[in-house]
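S.K.: No sequence on hand, only this structure:
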């Protein structure tokens, strides 16, 4: 029986160093029947020279297109793929040696038309990156939802680690928006068309996180606006849980204000917030076994919730005024 051919699509924008690490990790795959398509989305810092390093180790091709956003860059790669199954990675991922073997075995046992996988922190990541990874994958924040089979509203693969069959692409045409929640919109549309979608729990990648708190705040603020953008296409995808960061953020402002107006209520709210962060710290300590990362994890969670909450509220208010 011939092995399934996988096409790995990597959209990239001004990140040649990250692509180098990603491609290097792909050279160690235990499953060898795959091609790699790197799509340069109008970058100024091109990675063509990086790709050239791997032409003798990987079945790899390089494409350059005008900048139009990561969603359309992935479509560009899909259109040129030769495989039976397409896999997309973000350029800031490192792929474990047995990733493709794990995916292939899983699809042979239980076929999925589209799948997603989780992410983990690599040993080489900085303390800030590991703290952000904890916050972004913890069930005590909204980040842990994406790694669960029984996520609220159904599991939706995210395009940092996502696979689809060729037939899914042929039927859907790929992404219809270039960014701002494009992967959630795509996943939702795939499911609504009746395709079988699921999580392959062991098909994880090491997903690099932002290297500074400012960049992390900007990223999560963008995610908050993206959630409202998705609701424009699929209103049922806006769940109560998505408003938790906004409620959290509004509660902080109210608590601060009440200290000047009515301290007794402010004290109660402060205890609630302190208890929440204490539970987060214990959870981080149990998972990371590192005091520094656990302390930084509290700050990461605070930034995650407030940035996402502010982004969601900003986009929601803008949408309401436009309507």
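M.R.: That came through fine. All of these numbers come straight from a predicted model, not from anything done at the bench.

S.K.: ok, residue 231 - contacts?
M.R.: Residue 231 is in contact with 237, 238, counting by Cβ atoms under 8 Å, 6 or more residues apart in numbering. All C-beta atoms are positioned from the backbone trio N, CA, C, and that covers glycine.

S.K.: Okay, and it sits in which element?
M.R.: Using DSSP states H and E, residue 231 maps to helix 213-233.

S.K.: for residue 61, same thing?
M.R.: Assigned by DSSP H and E, residue 61 belongs to strand 60-65.

S.K.: Strand partners (parallel or antiparallel) of that strand?
M.R.: Sheet pairing of strand 60-65 (DSSP bridges) gives strand 34-41 (parallel).

S.K.: Following the chain past the partner strand, name the next helix or strand.
M.R.: Remark: after strand 34-41, the chain's next helix or strand is helix 48-52, criterion DSSP H and E.

S.K.: quick one: contacts of that following helix?
M.R.: For helix 48-52, the external contacting residues (Cβ under 8 Å, 6+ apart) are 16, 19, 20, 23, 38, 40, 60, 62, 64.

S.K.: now the helix holding residue 231, how far from the centre of its chain.
M.R.: Centre-to-centre, helix 213-233 and its host chain are 12 Å apart (Cα atoms, centre = their mean, to the nearest Å).

S.K.: quick revisit: for the strand holding residue 61, list every residue counted as buried.
M.R.: For strand 60-65, the neighbour count (16 or more other Cβ atoms under 10 Å) marks 60, 61, 62, 63 as buried.

S.K.: residue contacts, the first one?
M.R.: It stands for residue 60. 23, 35, 36, 37, 38, 51, 54.

S.K.: element containing the closest residue to residue 306 other than its chain neighbours?
M.R.: In space, residue 306 comes closest to residue 249 once its chain neighbours are excluded; the distance is 4.9 Å by Cβ to Cβ, 6 or more residues apart in numbering. Following DSSP H and E, one finds residue 249 within helix 244-261.

S.K.: okay, the angle between the lengthiest helix in the chain and helix 213-233?
M.R.: Across the chain, the helix with the greatest residue count (assigned by DSSP state H) is helix 291-322. Between the axes of helix 291-322 and helix 213-233, defined by axes from the mean of the first three to the mean of the last three Cα atoms, to 10 degrees, the angle is 40 degrees.

S.K.: what angle do helix 291-322 and helix 244-261 make?
M.R.: Going by the same axes, to 10 degrees, helix 291-322 makes 90 degrees with helix 244-261.

S.K.: Renumber starting at 45 from here on
M.R.: In the new count, where the first residue is 45, that last one comes out as helix 335-366.

S.K.: buried set for helix 335-366?
M.R.: Neighbour counts using 16+ other Cβ under 10 Å place 337-338, 340-357, 359-360 of helix 335-366 among the buried residues.

S.K.: before we move on, back to that, which strands or helices does the helix holding residue 293 pack on?
M.R.: Helix 288-305 sits against helix 307-332, helix 335-366, with contacts defined as 3 or more Cβ pairs under 8 Å, 6 or more residues apart in numbering; DSSP states H and E.

S.K.: closest to residue 227 out of these?
M.R.: helix 335-366 (16.2 Å; Cβ to Cβ).

S.K.: Show me the shaky parts of the stretch 145-294 of the chain.
M.R.: 187-198 (pLDDT under 70).

S.K.: before we move on, back to that, nearest to residue 204 among the contacts of helix 92-96?
M.R.: Distance to residue 204 across these (Cβ to Cβ) is lowest for residue 63, with 14.2 Å.

S.K.: can you list contacts of stretch 248-267?
M.R.: By Cβ under 8 Å, 6+ apart, the list of residues contacting stretch 248-267 from outside reads 62, 133-134, 136-140, 143, 161-166, 169-170, 172-174, 176-177, 180, 204-205, 224, 343-344, 347-348, 351-352, 354-355, 358.
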